[in-house]
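Student: Quick check, what structure comes out for this input:
(one chain, ligands or ions: 2)
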Amino acid sequence: MKIGVIGAGSWGTALANLLAGNGHEVVLWAYEPELVEEMTRQRSNSLFLPGVSLHPDLICTGELSRSVLERELVLLVAPTQVARGLLSTLAPCWPAEAVLVNASKGIELTTLATVSDIVAQTLGAGMLEHYVVLSGPTFAREVALGLPSLIVAASRNEQAARLAQSAFSNQTFRVYTSDDPVGVELGGAIKNVLAIAAGISDGLGFGHNTRAALITRGLVEMRRLGRAMGARDESFSGLAGMGDLVLTCTGDLSRNRTVGMKLGQGMTLAAILAEMRMVAEGVKTSESVYFLAQSKGVEMPICEKVFEILHRDKPAREAVLELMTRELKAEYA
Ligand SMILES: NC(=O)c1ccc[n+]([C@@H]2O[C@H](COP(=O)([O-])OP(=O)(O)OC[C@H]3O[C@@H](n4cnc5c(N)ncnc54)[C@H](O)[C@@H]3O)[C@@H](O)[C@H]2O)c1
Ligand SMILES: O=P(O)(O)OC[C@H](O)CO
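Tutor: Residues are numbered from 1 along each chain as shown. Ligands and ions are numbered 1, 2, ... in the order given. You can find the predicted model right below:
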């Protein structure tokens, strides 16, 4: 297939490499001009995926329109907060029949739009028939190294999900399909907020009990918001829900968990972000989830505390005390 990839961060580069290795003709667009130069000449991406050699057939470009021209499948894998700008720019030259696969995991600030919403608003609601969400427990580096990984391709159009499944699958990358893009998209976004919570807990020096509790009760929060937004319950027990939540709350490669750990250890958010070039989607998505939960009347106490710690300067220990001393209740109230 002719495939375009929008975004040459760690995940975009790992997936573009995988697709090229699967025999597709792949054009990878990078935002940074110096990265296009390096990827083309040195076949490496030292900014976002150091130590991984690029596939010899992978084409790299700094021209955004080349990532969609004559493409049969386009993979969007840029930070969520810039997705609207990129898709709006590309709308006039968008290939109408192409399948659009989204691998970004976040919710837009201010609009509270999911990436599905952004796609419908920029490319038209009809595009959702060609839209697939690709999400699951997949650290880019481990996928790039060929370590066995599983993921879900979710779409309301079964044919589109199957097309993505066959384009991405190989011996080390196993893709399941799902008919619940809403649940799969929400799982990927909310787990980033909960990973920050798990990091804060570790940074404060709490133990395994606390982390296991955060994962379990975090999953309840994910499911609640999912229900309010029309997601299928079982998606949250799957790869894009529990799977990714466990990975990101426990894995040292997680940027979101790392942000949380540093916060727990006493660094300010501004100082943490100043030394990070990569994106930790949970930082902004914590704000989106907070307001989304409020607007839907959904109780999400852990996500609420992450928002307050990150964006309202609440001391982490105070937030934990507030969580622990909430009114006592049944586990499934
Ligand atoms: N890295 C992973 O393991 C992984 C796995 C699954 C999903 N994701 C998701 O993939 C998405 C992309 O993350 P990543 O990890 O590949 O990125 P990254 O953190 O490795 O790199 C940051 C990316 O942001 C881009 N960028 C920064 N400012 C930009 C701008 N103004 N306009 C356009 N692009 C800009 C950079 O070019 C780079 O591609 C995120 O939503 C992330 O949650 C990442
Ligand atoms: O490094 P993180 O925290 O952005 O997580 C990366 C992926 O989403 C894991 O599936």
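Student: Can you get me a residue count around the nearest residue in space to residue 192 that is not next to it in sequence?
Tutor: In this structure, residue 192 finds its nearest non-sequential neighbour in residue 282, 3.2 Å apart by CB to CB, 6 or more residues apart in numbering. Heads up, the C-betas are built off the backbone N, CA and C, glycines and all. As a burial measure, residue 282 scores 31 neighbours (other CB atoms under 10 Å).
Student: Make 756 the first number, not 1, from now on.
Tutor: Sure, I'll start numbering at 756, so the last one becomes residue 1037.
Student: Might one say that residue 1037 is in contact with residue 951?
Tutor: Yes. Between residue 1037 and residue 951 a contact is recorded at 4.7 Å, counting by CB atoms under 8 Å.
Student: Need the overlap of contacts for those two.
Tutor: 1011, 1014, 1061 (CB atoms under 8 Å, 6 or more residues apart in numbering).
Student: related to what we said a few turns ago, from residue 1012, how far out is the residue nearest to residue 947?
Tutor: Distance from residue 1037 to residue 1012, counting by CB to CB, to the nearest Å: 9 Å.
Student: again with residue 836
Tutor: For residue 836, the distance to residue 1012 - CB to CB - is 20 Å.
Student: Excluding covalently adjacent residues, which one is nearest to the most centrally placed residue in the chain?
Tutor: In the chain, the centroid-proximal residue (CA atoms, centre = their mean) is residue 860; its distance is 2.2 Å. Taking CB to CB, 6+ apart as the measure, residue 860 lies nearest to residue 943, with 3.7 Å between them; neighbours along the chain are not counted.
Student: In what element of secondary structure is the one you found found?
Tutor: Mapping residue 943 onto the secondary structure by DSSP states H and E places it in helix 936-958.
Student: anything in the next helix or strand after that helix near ligand 2?
Tutor: Once the chain leaves helix 936-958, the next helix or strand it forms, by DSSP H and E, is helix 963-983. No. Helix 963-983 stays out of contact with ligand 2 when judged by CB under 6 Å from any ligand atom, the minimum separation being 13.8 Å.
Student: Report the buried residues of helix 963-983.
Tutor: By neighbour count on 16 or more other CB atoms under 10 Å, the buried set for helix 963-983 is 965-966, 969-970, 972-981.
Student: Rebuild the residues you listed as TSV, extending it with pLDDT.
Tutor: Conversion of the buried residues of helix 963-983 to TSV gives the following (pLDDT from 0 to 100):
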residue	pLDDT
965	98
966	98
969	98
970	98
972	98
973	98
974	98
975	98
976	98
977	98
978	98
979	98
980	98
981	98
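Student: Would you mind giving these as a markdown table with distance to residue 917 added?
Tutor: Listed next are the buried residues of helix 963-983 as a markdown table, based on distance: CB to CB, whole Å:
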| residue | distance to residue 917 |
| --- | --- |
| 965 | 41 |
| 966 | 37 |
| 969 | 36 |
| 970 | 31 |
| 972 | 35 |
| 973 | 31 |
| 974 | 28 |
| 975 | 32 |
| 976 | 32 |
| 977 | 26 |
| 978 | 27 |
| 979 | 31 |
| 980 | 28 |
| 981 | 24 |
